[in-house]
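1. Provided below are the primary sequence and the corresponding predicted coordinates.
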Amino acid sequence: MNEKKEIQQLDENELIKVRHEKMKAFEEKGVAPFGHRFEVTHHAADIRAEFGNIEGEEDAGEVTIAGRLMAIRGHGKASFATISDRTGNMQIYFKLDILGEEKYSQFKLLDIGDIIGLKGNVFKTKRGELTVRVEDFDLLSKSLRPLPEKFHGLKDLETRYRQRYLDLIVNPDVRETFFKRTEIIKSIRKYLDDRNFVEVETPVLSTIAGGAAARPFITHHNTLDTDLYLRIATELNLKRLIVGGFERVYEIGRIFRNEGMDTRHNPEFTTVEIYQAYGDYRDLIEVTEGIICEAAEKVCGSTKITCEGVELELKNPPRISMNDAVKNKTGKDFLSCKTVDEARQMADEIGVAYEERFGIGGILNAAFEAKVEDDLIQPIFITGHPTEISPLAKRNVDDPRITDRFEFFVLGRELANGFTELNDPIDQKFRFEEQLKAREAGDEEAHVMDTDFIRALEYGMPPTGGLGIGVDRLVMLLTDSPSIRDVLLFPTMKVIAE
């Protein structure tokens, strides 16, 4: 295997050497191998839209187009090639009689991967393929490294993620995924802006890592000589803005959590967090459905989609409480338990593992994660989360052991999390104190005390509904991407020696 790699490396080094020689040949002809500004009038998609219906081989109109050479066929007195831009591919035609000896000699120095700009006339070949007949071209950037072998492309995941620029060059479907990601984010903004939500930006660096149960990244500020945390959520600062009178506010931003990596987790990821004063979790359930359905309509053309081979209907998902979902699956009603020992016995009977520090609510959540979560394939809202695992959510009026909270699941994954926000500063302080006890008992992800947030609540925060949606997971769903790394342009990778 190592010998094969050495041979491949040797071959690549030879190809690189040849390309450097061609670069020098361009310089000897007075051509800069790394060019300058080029005025583009059309992209490939524009040419197809404007000239797609032409007939015959007569010139139909002049265009200037720029992009990367992806194929060259023939090296006689006439050659066809393929150029790629952000909208797709276009066939181009080089002919000695049109370009002249000098320019055609420059064409022969071109390699696959070179970036050129060209002027020419659009026509259709005898086979009916739309083509640009090149009248003149400029070398805009000489590619000094060969692209992956054209028939096999770039398949190795490790290389694709580490060298995303190469992945984007040779895999057009990858580019399409990221174009769709942009459209999804634009759709989220439009949905919220149309409903009078205000987009804001809050700090990435903080003296307290709050707003979620997660391990933070720690950095150090030299001038202040103090440790700071990269934010694990935007929640607490956004709720401070609700206190300040914003009423409807949201932030689309990067979140950082110092945790494991798998197909659904990356140390940095994007969320949208939304807060609506004078509302509750039921209002935010409607917002969640609206955002997801509108984004699906935008990039998929329907709320009925297929992901991982499963047909899904995103509209009007059902709602069920966490306790009822567990009871339906296992026959165990954990909220009927009077003591923790009774809940432990129920968990033991169905083979659910739990930690000694868990109360009834913690055990209920453990049963949900072990027995229910993976089977939530069709879209569904899970409500009624235990107070024990929801330190920032408002208690349910009828049963204080649970909160007015929901999570949206699809394909066994949590996509959104929302709740009626806790606006009682006394209860909030008590919850933080309970979290501190959990932290002292070994829970590194338990929430820390945030005295300034308590102070903000003491000035009065209106009843509020809050929501967080994982943007990356939403993109995975709507682009049928199996891994979060497929929807992050530059995912976090293990450092390896060059």
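-> Yep, that arrived.
2. where's residue 249 relative to residue 418, distance?
-> For residue 249, the distance to residue 418 (CB to CB, to the nearest Å) stands at 14 Å. All C-beta spots, glycine's among them, are computed from the backbone N, C-alpha and C.
3. neighbour-wise, which of those two wins?
-> residue 418 (30 against 26; other CB atoms under 10 Å).
4. Mind listing the residues bridging to the more buried one?
-> Beta-bridge pairing for residue 418 (DSSP bridges): residue 406, residue 467.
5. who touches it in this structure?
-> Residues near residue 418 by CB atoms under 8 Å, 6 or more residues apart in numbering: 281, 284, 285, 288, 405, 406, 407, 465, 466, 467, 468.
6. Look at residue 254 and tell me its secondary structure.
-> Secondary structure, DSSP: H, G, I helix; E, B strand; the rest coil: residue 254 is strand.
7. how about it, what does it touch?
-> With CB under 8 Å, 6+ apart, residue 254 has these contacts: 204, 268, 269, 270.
8. and with 6 Å instead?
-> Counting by CB atoms under 6 Å, 6 or more residues apart in numbering, residue 254 touches 268, 270.
9. again, but for residue 82
-> 70, 71, 89, 91.
10. For the second one, grab the count of nearby residues.
-> The burial count assigned to residue 71 is 13, neighbours taken as other CB under 10 Å.
11. Residue 138 belongs to a helix?
-> No - counting by three-state DSSP, one finds residue 138 to be strand, located in no helix.
12. doesn't residue 119 make contact with it?
-> No - here residue 138 does not reach residue 119: they are 9.0 Å apart, not a contact under CB atoms under 6 Å.
13. In the chain, where is pLDDT below threshold?
-> For the chain, the stretches with pLDDT under 70 are 1-10, 149-155, 498.
14. Point to the residue nearest the middle of it.
-> Note on the chain: the residue nearest the mean C-alpha position is residue 472, at 3.1 Å, using CA atoms, centre = their mean.
15. Next one: it from residue 184, what distance?
-> 10 Å.
16. Please apply the same query to residue 127.
-> 38 Å.
17. More neighbours: which of these two?
-> Higher neighbour count among residue 127 and residue 184: residue 184, with 24 against 6, using other CB under 10 Å.
18. residue ranges of the helices in the stretch 151-300 of the chain, please?
-> Per DSSP state H, counting those that start in this stretch, the stretch 151-300 of the chain has helices spanning 157-162, 164-170, 172-193, 235-243, 281-300. These are given in chain order.
19. Show me what the longest one is in contact with.
-> The set of residues that contact helix 172-193 without belonging to it, under CB under 6 Å, 6+ apart, is 167, 168, 250, 272, 291, 294, 295, 298, 299, 475, 479, 487.
20. same thing but at 7 Å, please
-> Residues from elsewhere that reach helix 172-193, judged by CB atoms under 7 Å, 6 or more residues apart in numbering: 167-168, 199, 250, 252, 272, 274, 290-291, 294-295, 298-299, 471, 474-475, 478-479, 481, 486-487, 489.
21. Give me the buried entries from those residues.
-> 167-168, 250, 252, 272, 274, 291, 294-295, 298-299, 471, 474-475, 478-479, 481, 486-487 (16 or more other CB atoms under 10 Å).
22. All set now, cheers.
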